[in-house]
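[1] the following comprises the amino acid sequence and a computationally predicted model.
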Amino acid sequence: MNTHLTDEELLAVIDGMEAGEAQQHLSTCASCRRRHGEFKATLQLASRLPEVEWTPLQGEILVHGVRRRLRARRAPRRPAWQPALGGALVTGVLAAVAALVLVPQGMTPELAPATTIVQDAIPVVSDRQVGGDEQLDDAEFADMIETYLIETASPDELLLEFGELSDDEYFALLEE
Amino acid sequence: MTLALKPRPMSRDRSDPEAVLLDRLRAGDEMAFEELVRQHQEALVRFAYRLVGDLDEASDVAQETFIRAYERIADFRGGSTLYTWLYRIAYNRAISLLRRRRVRRFLRLDLDQELSEGVELQLVATGDAATQVAQNELLRHVEVAIETLPPRQRGIFVMRHYEGMSLAQIAKVVGRSEGAIRAGYFHAVRKLRVAARESGLFEGGEES
């Protein structure tokens, strides 16, 4: 073999997938030997990165976390409007009782100010609460954009947005 | 009298602990699910940690993996081992997390900050302090290079290099051909070598 080994061939040698001819070439070619050594050293260095410490206590915490999440998912989910409706009903009942108790003698309950009940049941939201005066700092603004992108864009749109390829495109390229 | 030959349903091997566990899982046995979590949690957390580089996030990936496995156990056809199936779920979750992180980095340009918060390197002392510092510096470069690999390449590299999985096993996890996995692994290692070279690990010789 006169030409130099490709990177793939060198890595295959390191992986034990290539033998014979490539090995023979390595023994006679200093340039390929150097590249082979560099790949090997790189992988050895990567092997020296520390492993995560995982203790039995952490294991128990994880098991507990899984149980908790599972319970939370199994709990019947109430539609978002239910708590609001419940609150409104409670407020309405309380207001009705209060109206009956506090209504002046001789005044019929029908004349009690019914609008009070309605007003109590509807939360009043000021301009300030809806963000009229809010100033977002840069991080909050970035958060908002990120949330918008992640929640609204499809995975393909996101990949397109950031110049990446879809899984199919990526692996099709590798398979070529 | 002729006997009609009917194909017999495939009998499950009762001596295979995984088959037994799988039956119990499909029957909704919660103790079986807890067994599954205890059996595979450490391996999954280690795997996820290599991918996402943060223990809390790795633990979160592992927990969500188990929840998804619990919810989707009926979909598991037994074409691979439970272990491979769990890895596949964890891989997909971790890749999705890495992609979200890339979006965040793109928007905030906080790559440097995130990298500076990496794990402390713990090397066995092999000489004087200066050598130690130099080694840590080299490791840091390789660590950063791994962190900055594209998510899919990083996933393939972690499975091959740290999990010791064969190309065929990785291909099953990722759902792609062995050839594609091999190419992805080579791309990753090539990038790491370039990073190691740039960090001054290799003196002399030409970049090739």
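    Here it is on my side, so go on.
[2] any idea which helix or strand in the chain has the lowest mean pLDDT?
    Defaulting to chain A. helix A:114-121 (a mean of 43; mean pLDDT, DSSP states H and E).
[3] that answer is for a different chain, and I need it for chain B
    For chain B, counting by mean pLDDT, DSSP H and E, that's helix B:111-116 with a mean of 39.
[4] mind giving me the packing neighbours of the helix or strand that contains A:Val13?
    Under DSSP states H and E, the secondary-structure element containing A:Val13 is helix A:7-14. For helix A:7-14, the packing partners by 3 or more CB pairs under 8 Å, 6 or more residues apart in numbering or on different chains; DSSP states H and E come out as helix A:21-28, helix A:30-47, helix B:178-198. Backbone N, C-alpha and C define where each C-beta goes, glycine included.
[5] again, 6 Å this time
    helix A:30-47, helix B:178-198 (3 or more CB pairs under 6 Å, 6 or more residues apart in numbering or on different chains; DSSP states H and E).
[6] report the angle between the axes of that helix and helix A:30-47?
    Inter-element angle recorded for helix A:7-14 and helix A:30-47: 60 degrees (by axes from the mean of the first three to the mean of the last three CA atoms, to 10 degrees).
[7] what is the mean pLDDT for helix A:7-14?
    Mean per-residue pLDDT for helix A:7-14: 87.
[8] repeat for stretch B:188-204
    On average, stretch B:188-204 scores 82.
[9] what do you get for stretch A:44-58?
    Rounded mean pLDDT across stretch A:44-58 is 88.
[10] tell me the domain ranges of chain A?
    Annotated domains of chain A cover A:7-47, A:81-123, A:138-175 [automatic domain parsing].
[11] lowest average pLDDT across the ones you listed?
    Among those, domain A:81-123 carries the lowest mean pLDDT (a mean of 54).
[12] and the contacts of stretch A:56-64?
    B:37, B:41, B:59 (CB atoms under 6 Å, 6 or more residues apart in numbering or on different chains).
[13] hang on, I meant stretch B:172-179
    So stretch B:172-179 is contacted by A:171, A:175, B:80, B:84, B:87-88, B:91, B:167-168, B:171 (CB under 6 Å, 6+ apart).
[14] how much space separates B:Glu64 from chain A?
    B:Glu64 is 8 Å from chain A, where distance means CB to the nearest CB, to the nearest Å.
[15] so that residue is in which element?
    Counting by DSSP H and E, B:Glu64 is part of helix B:55-72.
[16] repeat that for B:Val144.
    Per DSSP H and E: helix B:129-147 holds B:Val144.
[17] that helix - what's its average pLDDT?
    Mean predicted confidence for helix B:129-147 is 78.
[18] quick one: pLDDT of B:Ser177?
    90.
[19] that one: how many residues sit nearby?
    For B:Ser177, the number of neighbouring residues by other CB atoms under 10 Å in any protein chain shown comes to 15.
[20] list phi and psi for it.
    Main-chain dihedrals, B:Ser177, degrees, to the nearest 10: phi -80, psi 160.
[21] low-confidence ranges in chain B?
    B:1-14, B:104-132, B:203-208 (pLDDT under 70).
[22] quick one: list the elements packing against the lengthiest helix in it.
    Of all segments of type helix in chain B, defined using DSSP state H, the longest is helix B:82-108. Counting contacts by 3+ CB pairs under 6 Å, 6+ apart, helix B:82-108 packs against helix A:138-152, helix B:30-52, helix B:55-72, helix B:151-157, helix B:167-174.
[23] redo those helices as JSON lines? Include mean neighbour count.
    Output for the helices and strands packed on helix B:82-108, formatted as JSON lines (neighbours: other CB atoms under 10 Å in any protein chain shown):
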{"stretch": "helix A:138-152", "mean neighbour count": "12"}
{"stretch": "helix B:30-52", "mean neighbour count": "20"}
{"stretch": "helix B:55-72", "mean neighbour count": "20"}
{"stretch": "helix B:151-157", "mean neighbour count": "24"}
{"stretch": "helix B:167-174", "mean neighbour count": "20"}
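[24] burial count for B:Ser15?
    7.
[25] hmm, I was thinking of A:Arg35
    A:Arg35 has 23 nearby residues by other CB under 10 Å.
[26] equivalent analysis for A:Leu45, please.
    A:Leu45, neighbours per other CB under 10 Å, totals 21.
[27] now do the contacts for B:Leu55.
    A:Val52.
[28] any idea how far it is from B:Gly179?
    34 Å (CB to CB, to the nearest Å).
[29] residue nearest the centroid of chain B?
    B:Phe47 (4.3 Å; CA atoms, centre = their mean).
[30] re the thing from before, so how far is the helix holding B:Glu64 off the chain centroid?
    13 Å (CA atoms, centre = their mean, to the nearest Å).
[31] quick check: residues of chain B near chain A?
    B:37, B:41-42, B:45-46, B:49, B:55, B:59, B:63, B:66-67, B:103-104, B:107-108, B:122, B:142-143, B:176-177, B:179-180, B:183-184, B:186, B:189-190, B:192-193, B:196, B:202, B:205 (CB under 6 Å from any CB of the partner chain).
[32] alpha carbons of stretch B:160-180, as CSV, please.
    Output of stretch B:160-180 as CSV, limited to C-alpha atoms (Å, rounded to 0.1, in the frame of the first residue of the first chain):
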residue,chain,number,x,y,z
ARG,B,160,-19.2,4.2,21.4
HIS,B,161,-16.4,5.6,23.5
TYR,B,162,-17.9,5.7,27.0
GLU,B,163,-20.7,3.1,26.9
GLY,B,164,-18.6,0.7,24.9
MET,B,165,-21.5,0.0,22.6
SER,B,166,-20.9,-1.7,19.3
LEU,B,167,-21.8,0.1,16.1
ALA,B,168,-24.7,-2.3,15.6
GLN,B,169,-26.1,-1.5,19.1
ILE,B,170,-25.8,2.2,18.5
ALA,B,171,-27.5,1.8,15.2
LYS,B,172,-30.4,0.1,17.0
VAL,B,173,-30.6,2.9,19.5
VAL,B,174,-30.5,5.7,17.0
GLY,B,175,-32.5,3.8,14.4
ARG,B,176,-30.0,4.2,11.6
SER,B,177,-27.6,2.1,9.6
GLU,B,178,-24.2,0.9,11.0
GLY,B,179,-22.5,2.8,8.1
ALA,B,180,-24.1,6.0,9.1
